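1. Just a sequence and a predicted model for now, questions to come.
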Amino acid sequence: MTKSLQNIFYISLFIFFVTHISHAQKSKQELLKLIEQADLSPEQKGDYLCQLSSCYKKTDTIKAYHYANQALKLAREENDIKSQAIAYEALSDVARYLDNVSLQIKYADSSSTLATASKDAKAIAYANYAIAYKNEFIGNKEKYIEYMLKSLAYFEKNKIRYDKLVNGYENLGAYYIDHNDLVFSKKYNKKALDLAYESKNQINIANGLTSWALFLVRDAEQKTPADPDLLKTAENNYLKAIAIFENEKRKGNIIGSYGRTCLNLTSLYLYHFFETEPEKTLAHLQKTEAVCLELNEPMQLMVMYGQQAQFYTNLNDIPNIEKVLKKVSDIIEKHPKINPRYFALLYKNYMDLAEIKNDFASYKKYFNLYDKAVAVMMEKENRARDYNASVRFETEKKSQQIQLLTDNLESRKKINYLYTALVVLVFFMLLFMLRSYHFRQRSYIKTNLLLQKANEEATLLSKIKEEEAMIALLESELTEKELQIAIQEKKLNEQEKIKLQQELMTNNLQLEKKNEILKDIQNKLSTMKSEKSSDIKTISKTIDKSMEVDDEFELLKTSLANTNPVFFSTLQEKASGTLTKLDFKYCGYIKLGMSTKEIANHMNIETQSMRMARYRIKQKLNLDRETDLDTYITSVQ
């Protein structure tokens, strides 16, 4: 019976140690150096101050409060509600360690309110951490797990605060150990160990190993007999953790969780290895005593002496049992506010001692004291339960009120949104009506302007039509005059053409006469040698007469100039001034419509010579092969 009670007590106490230890990612020395840096932002400095508070809460609560309050003051100066929420979480954590329930709840609620107002994910994660422990205290385990997992999910995702991650998952593992749910306990203790290794922080790793070993011991104890392989693995994990703590001790860092690991290993030896290795158990009992005395934690000292009492009880070593119980009595006297559970346990040990000594009087005495201590313990636990129930009731009531206020606020917001929507709707309706009126007025004005413009255009169109009719009449009259002039010009041209033809006939007659004269000259020249000189004179006179025939070109030119004054100038310009008098004569005959043969006969030259002359004229006029000379000359105006 005694051993069973002690087992339950030690396991509960170990769980208590787990839930009251936070493991900082950085050492105190590192954090102290960091907060002295001049280039730190207020937010960074506040984070480091909160981590320092977490480091000192186990060994120096005054400093822990100081650093957390310093972080809160800095956040208030910056008017940063997000950082204020994080600082309140640090204060709540210190209050939780000191079992100051009212302050813990107050600070947790403040953290939650500010984090919710800030809507910052980081602040909400810290606030959830505080709210989780608040719900654990008031006995709302479901919400404790819910808020803790929400908080840890954020820290894990952002790879920050491994101390809280390891501690949080250890606490969840301890909670499921306490409720004999080894599946979830294994899950969360393993996660705590994995994250500890991920953090590369030796203290985190040592604490992760300790929690994992505690799970292995509980898992081994579920079998009958206890699984020796699991117990051996647990022992190795404890030894690894102790090696890390001893290495930190050599560096000057005394870690509070070092005592917890030593006590857990001692418990393992005491209840599982005592019969096979009593010397090893005693040796580790002595080592644990040295560590606990150095740490000077009353609760750890109580557990350590309780273990010694159990060890000597197993050996029936009455003198040593009495020495140990005396030390326990001294600790209780120095700390009168200690949990009544320890008084009950002490009196229970004295009862066992009296039973060993067969001292019925002493047994009866300590039984009565034990009975009173248990009554006090039960009364205190009942009061605590009542207090927890009242706190939970008030918390839930407050939550309901907050929810009601939130719902009312949401309803008011919806009503305000509705009113705002109505105002906006009315405004837009008025605006629409005003715009419609404005558009109608503009349309009316525009229509009037269009009508006025249409009337003006109609009047103008009427005037234009009248003017067009007048212009058409004038044009008709002008066309008749032009037609008359054209007829007159045609008559004149015909007259000129008749006159020209008459002149051309005259020229032809003259040319024929000239040809006869030239033939006559040729005949006479052939006989010139036999003729008299008087005949030569006759020839001279004949030539003079033929010279008169050369004037026919001048007559032809004059006739063409009268009918087409620019004819010869146009040709000369086209030929770049290269046409001769004879070329003009040929062109004039072509203009009059004479054929090549007719011109050759008229000029008394060979037809082939006339063709060559036409070819030269075509070259001088720069005409291509496809262009007909007669067509071109006829077209020249």
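-> It's in.
2. ok, residue 88 touching residue 110?
-> Yes - the criterion here is Cβ atoms under 8 Å, and residue 88 meets it with residue 110 at 4.5 Å. C-beta coordinates here come from the backbone N, C-alpha and C atoms, glycine included.
3. Who has more neighbours out of these two?
-> residue 88 (29 against 20; other Cβ atoms under 10 Å).
4. which SSE is that one in?
-> helix 81-97 (DSSP states H and E).
5. Can I get that helix in PDB, CA atoms only?
-> Output in PDB follows, covering the C-alpha atoms of helix 81-97 (Å, rounded to 0.1, in the frame of the first residue of the first chain):
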ATOM      1  CA  ILE A  81      -0.400  45.900 -28.900                       C
ATOM      2  CA  LYS A  82       1.100  42.800 -30.500                       C
ATOM      3  CA  SER A  83       4.300  43.000 -28.400                       C
ATOM      4  CA  GLN A  84       2.200  43.900 -25.300                       C
ATOM      5  CA  ALA A  85       0.200  40.600 -25.800                       C
ATOM      6  CA  ILE A  86       3.500  38.700 -26.000                       C
ATOM      7  CA  ALA A  87       4.800  40.400 -22.800                       C
ATOM      8  CA  TYR A  88       1.600  39.500 -20.900                       C
ATOM      9  CA  GLU A  89       2.100  35.900 -21.900                       C
ATOM     10  CA  ALA A  90       5.600  36.000 -20.300                       C
ATOM     11  CA  LEU A  91       4.100  37.500 -17.100                       C
ATOM     12  CA  SER A  92       1.400  34.800 -17.100                       C
ATOM     13  CA  ASP A  93       4.100  32.100 -17.400                       C
ATOM     14  CA  VAL A  94       5.900  33.400 -14.400                       C
ATOM     15  CA  ALA A  95       2.700  33.600 -12.400                       C
ATOM     16  CA  ARG A  96       1.800  30.000 -13.400                       C
ATOM     17  CA  TYR A  97       5.200  28.800 -12.100                       C
END
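6. Let me know the next secondary structure element after it.
-> Counting by DSSP H and E, what follows helix 81-97 is helix 101-118.
7. Show the average pLDDT along stretch 139-148.
-> Taken as a whole, stretch 139-148 carries a mean pLDDT of 89.
8. May I see the buried residues of that stretch?
-> 140, 143-145, 147-148 (16 or more other Cβ atoms under 10 Å).
9. what's near enough to touch residue 471?
-> Applying Cβ atoms under 8 Å, 6 or more residues apart in numbering to residue 471 gives no contacts.
10. How many neighbouring residues does residue 265 have?
-> 25.
11. is it true that it touches residue 285?
-> No - between residue 265 and residue 285 there is no contact under Cβ under 8 Å: 10.2 Å.
12. shaky segments in the stretch 351-500 of the chain?
-> 376-377, 379-410, 413, 489, 492-500 (pLDDT under 70).
13. change it to 50
-> Counting by pLDDT under 50, the stretch 351-500 of the chain shows no low-confidence range.
14. mind checking how far residue 417 is from residue 428?
-> To residue 428, residue 417 is 16 Å away according to Cβ to Cβ, to the nearest Å.
15. I misspoke; the intended subject was residue 250.
-> 78 Å.
16. neighbour-wise, which of those two wins?
-> residue 428 (11 against 8).
17. Which helix or which strand is home to the more buried one?
-> Going by DSSP H and E, residue 428 is in helix 360-526.
18. got it, and residue 169?
-> Assigned by DSSP H and E, residue 169 falls in helix 162-178.
19. now swap in residue 355 and tell me
-> helix 340-357.
20. now for that helix, which elements pack on it?
-> helix 2-19, helix 298-315, helix 318-334, helix 360-526 (3 or more Cβ pairs under 8 Å, 6 or more residues apart in numbering; DSSP states H and E).
21. Mind doing that once more with 6 Å?
-> Packed against helix 340-357, as judged by 3 or more Cβ pairs under 6 Å, 6 or more residues apart in numbering; DSSP states H and E, are the following elements: helix 298-315, helix 318-334, helix 360-526.
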